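> Prediction below, plus the sequence it came from.
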Amino acid sequence: MKIICQIGVIFAVCWFSQLIEAALPVPFPASVIGMLLLLALLATLLVIAYLLTRLHRVRGQLSLIKDALMDIKSGNLNRRVLVRESDMTKQICYDINEIAMSSQSRLIQQKQSEQAYKRLMTSLSHDVKTPLASLVGYLEAVESKMVTGAEQEEYIRVAAEKAHHLKEFVTVLFEWVKLDAGEQIFHFELCDLNELSRNIMADWVPLLESHDLTYEIEIPETEYMTRVDSTAYTRILNNLLQNILTHSVASQVSLTVTETEQQAKIVVADNGKGISISDLPHIFERMYQCDHSRAAKGNGLGLSIAKELVSVHKGTITAASIPGAGTTFTIMLPKAL
């Protein structure tokens, strides 16, 4: 059969050669025409073989892509499609890998959020229920006249203090929830950052003095006009200063503002007990508390909120600390958003 096919091809080439020779206006040897036809046929066969090879490769790739898509659909987001630079389906494979990585990233973020909410519920159980129960106990003692005179006044004072702390916690909690849900609305306006910083510190001076804290405030007298959300900026400084009051056991606090044409640098420092090397990388994480005991003060939200608000201003916040010597927070805010 193979010999018959070969004879048929040779016969066809000879026949076409004679036809072409008769049709040409000038004499041309039929043998040369036959050779050219054989070369053309060979070239055509090579092209067909190449295309068939490519088609086989593409079919194999499509099979891999189908398997990968089924794998990703079933939840295996670690699946990737291997591809060569010369493959015809490389862009499709790149897109599938990008979708898988993006989905995996979103899944990780979702799990982190779920863990944060679980920690939030745990914190609520302690940070709300415990002081609330204590508050109720003090008020019931006053109402039932179990205490009188000076002791009654002391009970009322303690109850008022606990109610104030509880109110502050709920305020911070709602702020955290709004930030986490992306529902916080910001109003960026052109203002003098130095004047704003001075006004914030003016409100803090009486509180620092009442805690027997000495303070150093260095803010340039010149104007530094930049676009900030004044409420958010106030919250940033408030959270840092409140963190010092609650956790640092410091005797001195300082705030220094310096500026260049490109950015402002705000440094808040104390000479307190500092933060351990193991805790320092985590202090801006939500719900993280350096003191892990149930008697720990604070709620682990203040610094994380400060970091998010700084990020909204396209700035950065870092912390450096030496245990036993103090902590320094450095904020860098760009002049133009």
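Yes, it's here.
> can we go C-alpha only for contacts and neighbour counts from here?
Will do.
> Which element, helix or strand, includes Ile217?
If you go by DSSP states H and E, Ile217 is part of strand 214-218.
> Which residues does Pro330 form beta bridges with?
Actually, residue 330 is Thr. It isn't Pro. Val267, Thr318 (DSSP bridges).
> count of residues packed around it?
18 (other C-alpha atoms under 10 Å).
> Give me the pLDDT for it.
What the model reports for Thr330 is a pLDDT of 97.
> would you list every one of the helices in the protein?
Using DSSP state H, the helices of the chain run over residues 2-23, 30-73, 90-127, 129-143, 149-180, 193-210, 230-243, 302-312.
> Can you spell out which helices and strands pack onto the fifth one?
To tie it back to what came earlier, the one meant is helix 149-180. With contacts taken as 3 or more C-alpha pairs under 8 Å, 6 or more residues apart in numbering; DSSP states H and E, helix 149-180 sits against helix 129-143, helix 302-312.
> Buried ones in it, by neighbour count?
152, 155-156, 158-159, 162-163, 165-166, 169, 172-173, 175-176 (16 or more other C-alpha atoms under 10 Å).
> can you give me the angle it makes with helix 230-243?
130 degrees (axes from the mean of the first three to the mean of the last three C-alpha atoms, to 10 degrees).
> avg pLDDT for helix 149-180?
Average pLDDT, helix 149-180: 80.
> ok so, going back, closest to Gly326 out of the helices and strands packed on helix 149-180?
Evaluated over the helices and strands packed on helix 149-180, closeness to Gly326 peaks at helix 302-312, with 16.3 Å, by C-alpha to C-alpha.
> How far off centre is the closest one?
12 Å (C-alpha atoms, centre = their mean, to the nearest Å).
> who's in contact with that helix?
172, 176, 179, 232-233, 235-237, 239-240, 243, 283-286, 316-317, 331, 333 (C-alpha atoms under 8 Å, 6 or more residues apart in numbering).
> Please report how far His165 lies from Ala320.
Note on His165: its distance to Ala320, by C-alpha to C-alpha, to the nearest Å, is 28 Å.
> Please name the residues that touch Glu285.
By C-alpha under 8 Å, 6+ apart, the neighbours of Glu285 are Gly300, Leu303, Ser304.
> Same list (these) but as a markdown table, adding neighbour count.
Converted to a markdown table, the contacts of Glu285 look like this (neighbours: other C-alpha atoms under 10 Å):
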| residue | neighbour count |
| --- | --- |
| Gly300 | 21 |
| Leu303 | 22 |
| Ser304 | 20 |
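> Go through the residues you listed and say which is closest to Lys66.
For those, the nearest to Lys66 is Ser304 (43.1 Å; C-alpha to C-alpha).
> Any figure for the gap between Glu195 and Asn271?
Plainly put, Glu195 is 26 Å away from Asn271 if you go by C-alpha to C-alpha.
> Show me which of the two is the more surrounded one.
Remark: of Glu195 and Asn271, Asn271 carries more neighbours, 21 against 16, as counted by other C-alpha under 10 Å.
> what about the nearest residue to Glu216 once chain neighbours are set aside, neighbour count?
In this structure, Glu216 finds its nearest non-sequential neighbour in Ser254, 4.5 Å apart by C-alpha to C-alpha, 6 or more residues apart in numbering. As a burial measure, Ser254 scores 16 neighbours (other C-alpha under 10 Å).
> Just confirm Ser254 contacts Ala269, I think it does.
Yes - Ser254 lies in contact with Ala269 (C-alpha atoms under 8 Å); the separation is 5.2 Å.
> Without its sequence neighbours, what residue ends up closest to Asp270?
Nearest non-adjacent residue to Asp270, counting by C-alpha to C-alpha, 6+ apart: Val253, 4.5 Å away.
> Also Gln289?
Gly300 (5.1 Å).
> And Gly315, by the same measure?
Leu333 (4.5 Å).
> The one you found reaches Thr260, doesn't it?
No - Leu333 is beyond contact range of Thr260, at 10.5 Å (criterion: C-alpha under 8 Å).
> The two: which has the busier surroundings?
Leu333 (23 against 10).
> what residues are up against that one?
Applying C-alpha under 8 Å, 6+ apart, the residues near Leu333 are Gln263, Ala264, Lys265, Val310, His313, Lys314, Gly315, Thr316.
> switch the cut-off to 7 Å
Gln263, Ala264, Lys265, His313, Lys314, Gly315, Thr316 (C-alpha atoms under 7 Å, 6 or more residues apart in numbering).
> Thr316 versus that one, what's the distance?
Distance of Leu333 to Thr316, given as C-alpha to C-alpha: 7 Å.
> now swap in Asn239 and tell me
Asn239 is 15 Å from Thr316, where distance means C-alpha to C-alpha.
> the more surrounded of those two?
Shown here are Asn239 and Thr316; by other C-alpha under 10 Å, Asn239 has more neighbours (20 against 17).
> Next one: that one from Ile283, what distance?
Per C-alpha to C-alpha, Asn239 is found 13 Å from Ile283.
> now swap in Asp229 and tell me
Remark: distance between Asp229 and Ile283 (C-alpha to C-alpha) = 24 Å.
> Could you check the pLDDT of the residue nearest to Asp270?
95.
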